[in-house]
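> sequence first, then the predicted structure:
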Amino acid sequence: MRKLKKQYIIPVFIPHLGCPNDCSFCNQKSISGTIKMPTKEEVIKIIDENIKNIRDEDADKEIAFYGGSFTGIEIEKQKEYLEIANKYIESKKINGIRLSTRPDYINKEILKMLKKYNVKTIELGVQSTNDYILKRCDRGHTFEDVKRASKLIKRYRFNLGHQIMVGLPESTKLDEIKTAKDLIKLKPKMVRIYPVLVIKGTKLEKELQIGEYKPLTVSQAVERCKELLYLFHKNKIQVIRVGLQNTQEITDPKNKESQVVAGPYHPAFGQLVDDSIWYDSIVDKIKKINVKVKEVKIKVNFADMNNVIGHKRENLNRIKEIYDVDVLVEADNNIKEGKSELIVIQTYDEYTEKIREKIT
Ligand code: SF4
């Protein structure tokens, strides 16, 4: 079997200054931890330090300009950053450049310029495909802009990525499923899913204070993200991240430095979603067995062990509590990642028989 190359992303944060918009949930300077555009020297330093720490020489390495809306910053500044990144491609230290931007900041001229600098992937902040919800959170663009930009990006042969949010003001589970279905039709190569966190200093924080916005709980957010994951996986679209990356600012609201005021924050949010998918899969397998079981063994690839067991053994505890089934988990690397094999160790009849024998 061909081993997949490991992928490393070297993030360079370009802050809010590039973005004249003010989405109600966004306070870029909190999220990226900076308000000032990095200088040439700073960008080089970030990239060099990251490269130095990547030991795997064969790994795929990409420089990613994240944070604000890259193609919204002044053109000379974009070129300055891209020139730096491109030099690393020319010297074969880096394999690609990716950036995130808004759909209304994409046009043919911009794409031609990005092509010249060897940009490989463009991630669009979509958030929702419902125009009412987009307006409700002051996004300043419509779904039509997303469609137009996505088609153009694909026509110019970039990898297309979409970023969506769950738990936006007035957004329901059905709206989010509709968003996923709308995006699937646009065939992105990859997707990121972010549950909405309320960040200090945003309009959303004010809405929260006056009771106009109610954030999702962690378990609601997990359930909603899981539904979307199922849809994307079914359509062979890679979900490259679920939940914001933990940083000094995006961390537990109890932490003094945290910029998160409320919302479904969890340090391992993505893992909770994966755990929950495994929970469903195991329960589904148990339900398909024709007899009532008391003890089963699940064999999975070693890489999946933690997700099967669940954060703090939650999956195994829940199955025991709800179905009264003991689950043993065993690593077997002959099993493909994502697959599992269930073996019945003891049926309920066998179990009760043993108890009866003990009593008599
Ligand atoms: S477009 Fe992006 S960077 Fe600009 S305010 Fe909205 S979320 Fe923040």
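Received it, and whenever you're ready, just let me know what you need. Residues are numbered from 1 along each chain as shown.
> closest residue of the stretch 201-350 of the chain to the ligand?
Going by Cβ to the nearest ligand atom, the ligand is nearest to Thr202 of the stretch 201-350 of the chain, at 9.3 Å. Just so you know, the C-beta spots here come from the backbone N, C-alpha and C atoms, and that holds for glycine as well.
> quick one, strands of the stretch 1-150 of the chain?
7-14, 60-67, 96-101, 119-127 (DSSP state E, counting those that start in this stretch).
> for the ligand, which of those is the nearest?
That would be strand 119-127 among the strands of the stretch 1-150 of the chain, by Cβ to the nearest ligand atom, at 5.3 Å.
> which other helices and strands does the closest one contact?
strand 96-101, helix 143-155, strand 159-166, strand 190-195 (3 or more Cβ pairs under 8 Å, 6 or more residues apart in numbering; DSSP states H and E).
> what's the angle from it to strand 7-14?
Calculated by axes from the mean of the first three to the mean of the last three Cα atoms, to 10 degrees, strand 119-127 forms an angle of 70 degrees with strand 7-14.
> tell me if I'm right that Asp208 and Pro215 touch.
For the record, residue 208 is Leu, not Asp. Yes. Leu208 lies in contact with Pro215 (Cβ atoms under 8 Å); the separation is 7.0 Å.
> please enumerate the shared neighbours of these two.
Common contacts of Leu208 and Pro215 (Cβ atoms under 8 Å, 6 or more residues apart in numbering): Val198, Ala262.
> before we move on, the earlier item: can I get the helices and strands packed on strand 119-127 in CSV with mean neighbour count and distance to Glu57?
Compiled in CSV, the helices and strands packed on strand 119-127 are given as follows (neighbours: other Cβ atoms under 10 Å; distance: least, Cβ to Cβ, whole Å):
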stretch, mean neighbour count, distance to Glu57
strand 96-101, 24, 16
helix 143-155, 18, 31
strand 159-166, 22, 23
strand 190-195, 22, 24
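> closest to the ligand out of the ones you listed?
Short answer: strand 96-101, nearest of the helices and strands packed on strand 119-127 by Cβ to the nearest ligand atom, at 8.2 Å.
> and the protein, what are its domains?
Residue ranges for the domains of the chain, per automatic domain parsing: 7-267, 286-359.
> for Asn301, phi and psi?
Dihedral pair for Asn301: phi -60, psi 150, per degrees, to the nearest 10.
> could you do Arg139 as well?
Per degrees, to the nearest 10, the backbone of Arg139 is at phi -70, psi -30.
> for the ligand, see how far away it is.
From Arg139 across to the ligand, the span is 7 Å (Cβ to the nearest ligand atom, to the nearest Å).
> do the same with Ser91
Counting by Cβ to the nearest ligand atom - Ser91 and the ligand are separated by 31 Å.
> tell me how many other residues surround the residue of the stretch 201-350 of the chain closest to the ligand.
Residues near Thr202, counting by other Cβ atoms under 10 Å, number 21.
> hmm, it is touching Pro169, no?
No. The criterion here is Cβ under 8 Å, and Thr202 misses it with Pro169 at 11.4 Å.
> residues shared between the contacts of these two?
Ser24.
> so Glu223 sits in a helix?
Yes. Assigned with DSSP: H, G, I helix; E, B strand; the rest coil, Glu223 falls within a helix.
> quick one, what contacts Thr179?
By Cβ under 8 Å, 6+ apart, the neighbours of Thr179 are Val126, Ser128, Thr129, Asn130, Ile164.
> in TSV, list the helices and strands packed on strand 119-127 along with mean pLDDT and distance to Lys79.
Listed next are the helices and strands packed on strand 119-127 as TSV, based on pLDDT from 0 to 100; distance: least, Cβ to Cβ, whole Å:
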stretch	mean pLDDT	distance to Lys79
strand 96-101	95	13
helix 143-155	98	19
strand 159-166	98	21
strand 190-195	98	26
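> distance to Asp274 for these - can I get that in CSV?
CSV is the format used below for those (distance: least, Cβ to Cβ, whole Å):
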stretch, distance to Asp274
strand 96-101, 23
helix 143-155, 27
strand 159-166, 16
strand 190-195, 12
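> make JSON lines out of those and add distance to the ligand.
Output for the helices and strands packed on strand 119-127, formatted as JSON lines (distance: least, Cβ to the nearest ligand atom, whole Å):
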{"stretch": "strand 96-101", "distance to the ligand": "8"}
{"stretch": "helix 143-155", "distance to the ligand": "12"}
{"stretch": "strand 159-166", "distance to the ligand": "9"}
{"stretch": "strand 190-195", "distance to the ligand": "10"}
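> so which of those gets nearest Arg224?
strand 159-166 (4.5 Å; Cβ to Cβ).
> can I have that closest one written out in CSV, keeping just the CAs?
Provided in CSV are the C-alpha atoms of strand 159-166 (Å, rounded to 0.1, in the frame of the first residue of the first chain):
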residue,chain,number,x,y,z
ASN,A,159,-7.5,23.5,-5.2
LEU,A,160,-10.8,24.9,-3.8
GLY,A,161,-11.4,24.9,-0.1
HIS,A,162,-14.6,26.0,1.8
GLN,A,163,-14.9,27.1,5.4
ILE,A,164,-18.2,26.9,7.1
MET,A,165,-19.6,27.7,10.5
VAL,A,166,-22.2,26.0,12.7
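> buried residues, the next helix or strand after it. List them.
The helix or strand immediately downstream of strand 159-166 is helix 173-185, counting by DSSP states H and E. Residues of helix 173-185 classed as buried by neighbour count (16 or more other Cβ atoms under 10 Å): Asp175, Glu176, Thr179, Ala180, Asp182, Leu183, Ile184.
> alright, I will stop here.
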